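Chemist: turn this into a structure:
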Amino acid sequence: MSNYSFFPKNRTFHRLILLLAALLMIFQITSCKKDSVWQEPASRTLKVWLHRVNWINKAQHFQYSYSGFELDVYYDTVLNTFIVKHDATDTTTLTLSTWLTAITSPSRLGYWLDFKNLDSLNKDKAFTELLRIRQNFSLDKEIIVVESCNPVNLIKFNTLNFRPSYYMPVFDPDTITREQETWYRDFTQNYLDRSGIGTISANSIQHDFMQKWFPKVNKLLWYLDSYDPAIKDSVIKATGKDPTVEVLLVPEDY
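Modeler: Next up, the predicted model:
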């Protein structure tokens, strides 16, 4: 009788232990799954900068309205410095240093330099001069975009807070054939592979193309079709949904 009454109690005890062990295992598995679930990184804040601020009066007027400016520069091998201008035929002598001196607090702004004449002959001296300007004006708080359609020559600038960006060929994705789209994709990929540059820049109409073929590549865009604040705000809102777009340039009627 004693053995008979003992074993049922023992089996009940073991069942209880097994139940507790099962519950513990389920808890551990659930905890591991919860910890291992991939979390999408938080979207970064889109930087909205002003397009083509090549004139001192425009820079002064908008210096507290935007957190960054885009301007066009040529490297002058005679003067060994950057000249602020859009066209090669422009005879202006405005240097980048003079332009920066005219701003009340240049160190608080980010800069997008559309480097018009970057090549293999001037890249080293241009880099040295840009380092000097960066140090003289303490331009280390915000990024400095150095953009060129010659990405191989941008490799030199892939350091510090410089952001080298490949200026993609300009085209309207809605008007090209599938074969042309493939060609643009391969052409761009080839340049990125050769240079190791991780940022591409283009007109906002090319955003879908960029996102389709280069979803993980950092992007810089510009929208120039309207001065209307409401339209610009809608473009800014739509662009901000893509966390790979770091800067959007917009125009001002000035």
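
Chemist: helices of the stretch 51-200 of the chain, start to end?
Modeler: 56-62, 96-101, 123-136, 178-195 (DSSP state H, counting those that start in this stretch).

Chemist: save these as JSON lines, and put in mean pLDDT too.
Modeler: Below are the helices of the stretch 51-200 of the chain laid out as JSON lines (pLDDT from 0 to 100):
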{"stretch": "helix 56-62", "mean pLDDT": "98"}
{"stretch": "helix 96-101", "mean pLDDT": "98"}
{"stretch": "helix 123-136", "mean pLDDT": "97"}
{"stretch": "helix 178-195", "mean pLDDT": "97"}
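
Chemist: out of those helices, which is closest to F69?
Modeler: F69 lies closest to helix 56-62 among these, at 6.3 Å (C-beta to C-beta). C-beta coordinates here come from the backbone N, C-alpha and C atoms, glycine included.

Chemist: convert the C-alpha atoms of that closest one to PDB, please.
Modeler: Written as PDB, here are the backbone C-alpha positions of helix 56-62 (Å, rounded to 0.1, in the frame of the first residue of the first chain):
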ATOM      1  CA  ILE A  56      27.100  87.500 -50.900                       C
ATOM      2  CA  ASN A  57      23.800  89.400 -50.600                       C
ATOM      3  CA  LYS A  58      21.800  86.200 -51.000                       C
ATOM      4  CA  ALA A  59      23.900  84.400 -48.400                       C
ATOM      5  CA  GLN A  60      23.500  87.300 -45.900                       C
ATOM      6  CA  HIS A  61      19.700  87.500 -46.600                       C
ATOM      7  CA  PHE A  62      19.000  83.800 -45.900                       C
END
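
Chemist: if we can go back for a sec, next, format the helices of the stretch 51-200 of the chain as JSON lines and append mean neighbour count and distance to L221.
Modeler: What follows is these, written out as JSON lines (neighbours: other C-beta atoms under 10 Å; distance: least, C-beta to C-beta, whole Å):
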{"stretch": "helix 56-62", "mean neighbour count": "15", "distance to L221": "19"}
{"stretch": "helix 96-101", "mean neighbour count": "17", "distance to L221": "23"}
{"stretch": "helix 123-136", "mean neighbour count": "16", "distance to L221": "23"}
{"stretch": "helix 178-195", "mean neighbour count": "14", "distance to L221": "15"}
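
Chemist: want to throw those helices into a markdown table with distance to T89?
Modeler: What follows is the helices of the stretch 51-200 of the chain, written out as a markdown table (distance: least, C-beta to C-beta, whole Å):
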| stretch | distance to T89 |
| --- | --- |
| helix 56-62 | 21 |
| helix 96-101 | 19 |
| helix 123-136 | 20 |
| helix 178-195 | 27 |
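
Chemist: these: which one's closest to D233?
Modeler: Per C-beta to C-beta, nearest to D233 of the helices of the stretch 51-200 of the chain: helix 56-62, 16.8 Å.

Chemist: packing partners for the closest one?
Modeler: Judged by 3 or more C-beta pairs under 8 Å, 6 or more residues apart in numbering; DSSP states H and E, the packing partners of helix 56-62 are helix 96-101.

Chemist: so who does L118 touch?
Modeler: Y75, A126, V146, S148, N150, N153, L154 (C-beta atoms under 8 Å, 6 or more residues apart in numbering).

Chemist: where along the chain do the strands fall?
Modeler: 47-50, 68-76, 81-84, 110-115, 144-148, 162-167, 199-203, 218-222, 245-250 (DSSP state E).

Chemist: quick revisit: which among the contacts of L118 gets closest to D186?
Modeler: Closest to D186, out of all of the contacts of L118 and judged by C-beta to C-beta, is N150, at 17.9 Å.

Chemist: so how far is F137 from the residue nearest to the closest one when sequence neighbours are not counted?
Modeler: Leaving aside its chain neighbours, N150 sits nearest to L118 (5.5 Å; criterion: C-beta to C-beta, 6 or more residues apart in numbering). Applying C-beta to C-beta, to the nearest Å, the value for L118 to F137 is 21 Å.
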